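Trainee: This is a predicted model, with the sequence first.
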Amino acid sequence: MASLAAVVIPVHDGARFLADALQSVADQDLDLEVIVVDDGSTDGSAQIARDRGVTCIGQPQQGPAAARNAGIAASSAPLLAFLDADDLMLPGAIARQADYLAAHPDTDGVMGSQRYEVLDGIALPDWAVADKVGTPHEISRPNVFASVIRRSTFDRVGVFDPRFRLNEDGDWLMRAKELGAVIDMTSDIVRVRRIHGANLTYDTVGLRHWAFEALGERARRKRRST
C-alpha cells in the first residue's frame with residue numbers, strides 16, 4: 001500500500017538537530033515516505049539518517065531548493081510535506097492537513113501555522129524582531145514549508161527554482177497562484193521553527209535580495225504573457 005505522504009528533509013551539516021527532526025516525523029504515527037537529502041554535509045548528517053532507517057540521498061552541495069527537488073523526484077506519495085532539518089513537526093500535523101485536503105478536494109495544498117522556539121542565548125534575527133516574535137510565538141504567515149501539498153500541484157506548477165538560495169518557497173507560491181492553484185491557510189500549528197543562530201534566514205540582506213528577485217521574476221513572467 002502506498003504511503004499517504006512523503007516528508008522531504010534537506011540537510012547540510014545539520015547533525016546537531018536532525019535526529020530530533022526525524023523523531024518528530026516518526027511520531028506522526030502514519031505510514032510516511034521519509035526522504036533525507038544530504039546536501040554535501042561533512043558532519044555525519046547522512047549517517048544519522050541511515051541509522052534511523054529512512055531513505056537518504058546524497059548530492060554535492062547545491063542549496064536547499066535543489067535538495068528539496070531531489071526529494072520530490074525520489075518520492076512517490078500523492079501528498080508532499082517538507083521539514084527543515086533543524087525544525088520539528090508537531091504530533092498529528094500531517095494527518096490533520098491530509099484530512100483537510102480530503103475534505104476539500106479542489107484545494108491544492110494547505111498551510112499551517114508555526115511556533116518559534118528561540119534557543120537560550122540566541123538573539124532574534126532582524127525579521128523576527130520586526131515581527132515582534134517572542135518565545136513561544138505563533139505565526140500564520142504563508143510558508144510552504146508548513147504545508148501539505150498535492151503532488152499534482154507540483155506537476156502543474158513545477159518544482160522549486162534552484163537558483164534561489166533563500167525564499168524559494170515564496171517564489172514557488174507566486175508561480176502556483178499565477179496558475180490558479182488554491183493554497184488554503186489554517187491556524188493549526190503544525191511546525192516548531194527553532195531559532196539557533198545558524199539559520200539561513202539570519203541572512204537578512206540575502207532574504208531581502210531573494211524576495212526582490214522573486215518579485216522581479218513575477219514581473220518578467222507577466223511581461224512575457226502579454
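Mentor: All right, it came through fine.

Trainee: Only C-alpha atoms from now on, for both contacts and neighbour counts.
Mentor: Noted.

Trainee: The top strand by length along the chain pairs with which strands, parallel or anti?
Mentor: Counting residues, the longest strand in the chain under DSSP state E turns out to be strand 183-195. Strand partners for strand 183-195, identified by DSSP bridges, are recorded as strand 88-89 (antiparallel), strand 109-118 (parallel).

Trainee: For stretch 41-53, buried residues please.
Mentor: Neighbour counts using 16 or more other C-alpha atoms under 10 Å place 41, 45-46, 48-49 of stretch 41-53 among the buried residues.

Trainee: Now the terminal residues of that stretch, how far apart.
Mentor: Criterion C-alpha to C-alpha, to the nearest Å; first-to-last residue distance in stretch 41-53 is 18 Å.

Trainee: which residues sit in contact with the spatially most central residue of the chain?
Mentor: For the chain, the residue sitting closest to the mean C-alpha position, by C-alpha atoms, centre = their mean, is Phe145 at 2.7 Å. When contacts are counted by C-alpha atoms under 8 Å, 6 or more residues apart in numbering, Phe145 touches 81-84, 169.

Trainee: is it true that it lies in a helix?
Mentor: Yes. The assignment for Phe145 is a helix, going by DSSP: H, G, I helix; E, B strand; the rest coil.

Trainee: any idea how far Ala85 is from it?
Mentor: 12 Å.

Trainee: Then Leu4?
Mentor: According to C-alpha to C-alpha, Leu4 and Ala85 sit 21 Å apart.

Trainee: Give me the more crowded residue out of the two.
Mentor: Neighbour totals were compared for Leu4 and Ala85, and Ala85 leads with 25 against 17 (other C-alpha atoms under 10 Å).

Trainee: What count of nearby residues applies to the closest residue to the more buried one other than its chain neighbours?
Mentor: Excluding the flanking residues, the one nearest Ala85 by C-alpha to C-alpha, 6 or more residues apart in numbering is Leu18, at 5.1 Å. Using other C-alpha under 10 Å, Leu18 has 25 other residues around it.

Trainee: quick one: secondary structure of Leu18?
Mentor: helix.

Trainee: quick one: terminal-to-terminal distance for stretch 18-35?
Mentor: Using C-alpha to C-alpha, the two ends of stretch 18-35 sit 12 Å apart.

Trainee: contacting residues around that stretch?
Mentor: In contact with stretch 18-35 (C-alpha under 8 Å, 6+ apart) are residues 3-9, 11, 45, 48-49, 52, 54-57, 71, 74-75, 77, 83-95.

Trainee: which of the residues in that stretch are buried?
Mentor: Taking 16+ other C-alpha under 10 Å as the criterion, stretch 18-35 shows 18-22, 24-26, 28, 32-35 as buried.

Trainee: where does the closest residue in space to Val159 that isn't next to it in sequence land in three-state SS?
Mentor: Spatial nearest neighbour of Val159, chain neighbours left out: Asn69 (6.1 Å); criterion: C-alpha to C-alpha, 6+ apart. Secondary structure, three-state DSSP: Asn69 is helix.

Trainee: what does Leu166 give?
Mentor: Leu166 ends up coil, using three-state DSSP.

Trainee: Tell me, how many residues neighbour it?
Mentor: 21.

Trainee: can you pull the pLDDT of it?
Mentor: pLDDT for Leu166: 84.

Trainee: In this structure it contacts Thr204, no?
Mentor: No. In this structure, Leu166 is not within contact of Thr204 by C-alpha atoms under 8 Å, at 10.1 Å.

Trainee: tell me the strands in the protein, going along the chain?
Mentor: Taking DSSP E as the criterion, the chain contains strands spanning 5-11, 32-39, 55-59, 79-82, 88-89, 109-118, 137-139, 147-150, 183-195.

Trainee: Good, wrapping up.
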